[in-house]
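Enquirer: sequence plus the predicted model coming up.
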Amino acid sequence: MYNFVIYTDGFNDLEDMLFKEVSSLENVFIISKNKIFKNSISQNIFKFYFSFRVNNIINLPFKEIWFSKLDHNFSNNNPTIYLFLTSWYYPKFFRYLRKKHPTCKLAFYFGDTVISKKRVIKNLDISYLQETMDYIGSYNPDDVLEYNMSYLPMCYSKITNKDDIPTKEKKDIIFIGASRRRMHLIMRCYEQVKKEELNYLFYVVTQENLELENEDKNFILTKKPMEYKDYLGYVTNCKCIVEIIDSETNGGTLRFWDAIMYNKKIVTNNKNVLSSKFFDEDHIKYTNDFLDLNFKKIIDDQIVNYNYKGENSPETFLAKISNSINGG
């Protein structure tokens with residue numbers, strides 16, 4: 001059995017939820033980038049020193065003084081896999097771990113597209129990762145093909161204790177997400193749902209200065225993302241989730257897994273749902289353009305049960321990585 005040290009972004013509640021199901025296991029230790037130090041001054045200094053925005057301009061020296069704080073020793077003698085999400089691209093730290101732990105394994109996972117991360121991390125070198133890592137995974141089939149990575153959907157923890165989820169008003173249809181490059185599709189879908197006089201919520205997060213004359217209290221245009229637990233409250237109290245992806249997204253999505261884990265219908269423009277083992281045309285509706293949809297028919301009272309058995313759990317995610325490293 002492997003130990004796992006998992007390096008996550010940890011910038012919000014959603015990040016914390018990815019590996020929550022395994023966070024209490026004795027062979028798993030999670031290091032969240034935004035929670036290295038309890039002391040706020042130390043945390044802010046660390047954040048500055050390891051900021052890609054700063055290091056893209058000038059490569060700050062002496063990062064090595066932080067490395068021991070970013071390591072973890074387990075009480076057993078099992079080998080350790082160090083798993084990095086993409087905000088942890090620090091080649092000097094990789095070399096430090098290799099030298100200190102010669103038998104360790106290094107794994108790197110892209111939960112975003114390579115092109116989007118290259119915009120943030122100017123020195124991101126895929127060739128270097130291929131030479132250094134024992135495993136490189138991605139949720140994106142296009143990146144998997146182009147860069148010879150392993151395909152692996154991003155894991156997601158299911159909340160099983162209903163007391164941990166706030167109760168929200170029941171809705172027929174919900175869309176909760178960002179507007180980026182897809183506002184025309186969001187508005188098209190909203191107008192159709194409104195026309196059918198359904199009970200809905202459209203919560204659209206945008207950083208653009210959009211001016212929409214809309215007094216509908218169930219259409220919210222805001223710059224503030226919804227708290228994750230509030231979002232789950234709406235998911236668990238709705239009949240159908242609307243997912244609208246942008247052109248750069250390819251592969252599995254968390255919205256899709258919300259539908260599967262909590263047995264909700266979903267309308268989406270993500271064609272990858274068609275090849276999912278959970279695809280059922282009565283419950284999962286694929287559309288390219290959100291035209292000519294009959295939402296009243298989609299949200300009928302048919303019982304939804306996808307029989308989810310942890311296929312996208314963090315435990316399954318880690319097992320696939322360790323099996324791949326072992327040549328399985």
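Expert: Thanks, I have it. Numbering: from 1, shown residues only.
Enquirer: and the strands in this protein?
Expert: Assigned by DSSP state E, the chain shows strands spanning 3-8, 28-32, 80-85, 105-110, 135-138, 150-151, 171-178, 200-205, 219-222, 238-243, 265-268, 284-286.
Enquirer: with distance to residue 116, mean neighbour count and mean pLDDT added, can I get these in JSON lines?
Expert: The C-beta positions use only the backbone N, C-alpha and C, and glycine is treated the same way. Shown next, in JSON lines, are these (distance: least, C-beta to C-beta, whole Å; neighbours: other C-beta atoms under 10 Å; pLDDT from 0 to 100):
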{"stretch": "strand 3-8", "distance to residue 116": "17", "mean neighbour count": "22", "mean pLDDT": "96"}
{"stretch": "strand 28-32", "distance to residue 116": "21", "mean neighbour count": "18", "mean pLDDT": "95"}
{"stretch": "strand 80-85", "distance to residue 116": "13", "mean neighbour count": "23", "mean pLDDT": "97"}
{"stretch": "strand 105-110", "distance to residue 116": "9", "mean neighbour count": "22", "mean pLDDT": "97"}
{"stretch": "strand 135-138", "distance to residue 116": "12", "mean neighbour count": "22", "mean pLDDT": "97"}
{"stretch": "strand 150-151", "distance to residue 116": "18", "mean neighbour count": "14", "mean pLDDT": "96"}
{"stretch": "strand 171-178", "distance to residue 116": "13", "mean neighbour count": "21", "mean pLDDT": "96"}
{"stretch": "strand 200-205", "distance to residue 116": "17", "mean neighbour count": "20", "mean pLDDT": "96"}
{"stretch": "strand 219-222", "distance to residue 116": "23", "mean neighbour count": "15", "mean pLDDT": "92"}
{"stretch": "strand 238-243", "distance to residue 116": "18", "mean neighbour count": "24", "mean pLDDT": "97"}
{"stretch": "strand 265-268", "distance to residue 116": "20", "mean neighbour count": "23", "mean pLDDT": "97"}
{"stretch": "strand 284-286", "distance to residue 116": "24", "mean neighbour count": "19", "mean pLDDT": "96"}
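Enquirer: torsion angles phi and psi at residue 159?
Expert: Dihedral angles of residue 159 (phi, psi; degrees, to the nearest 10) stand at phi -80, psi 120.
Enquirer: wait, isn't it in contact with residue 233?
Expert: No: applying C-beta atoms under 8 Å, one finds residue 159 not in contact with residue 233, separated by 10.5 Å.
Enquirer: and for those two, which residues touch both?
Expert: residue 165 (C-beta atoms under 8 Å, 6 or more residues apart in numbering).
Enquirer: same list, the strands of the chain, but as CSV with distance to residue 228 please.
Expert: Listed next are these as CSV, based on distance: least, C-beta to C-beta, whole Å:
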stretch, distance to residue 228
strand 3-8, 14
strand 28-32, 14
strand 80-85, 17
strand 105-110, 20
strand 135-138, 23
strand 150-151, 26
strand 171-178, 10
strand 200-205, 13
strand 219-222, 15
strand 238-243, 15
strand 265-268, 18
strand 284-286, 23
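Enquirer: where does pLDDT dip in the protein?
Expert: Applying pLDDT under 70 to the chain flags residues 11-12, 210-213, 248, 250, 328.
Enquirer: tell me where it has helices.
Expert: Under the criterion DSSP state H, the chain contains helices at 13-18, 40-49, 52-55, 91-100, 114-120, 126-132, 141-147, 183-195, 228-236, 254-261, 295-298, 314-325.
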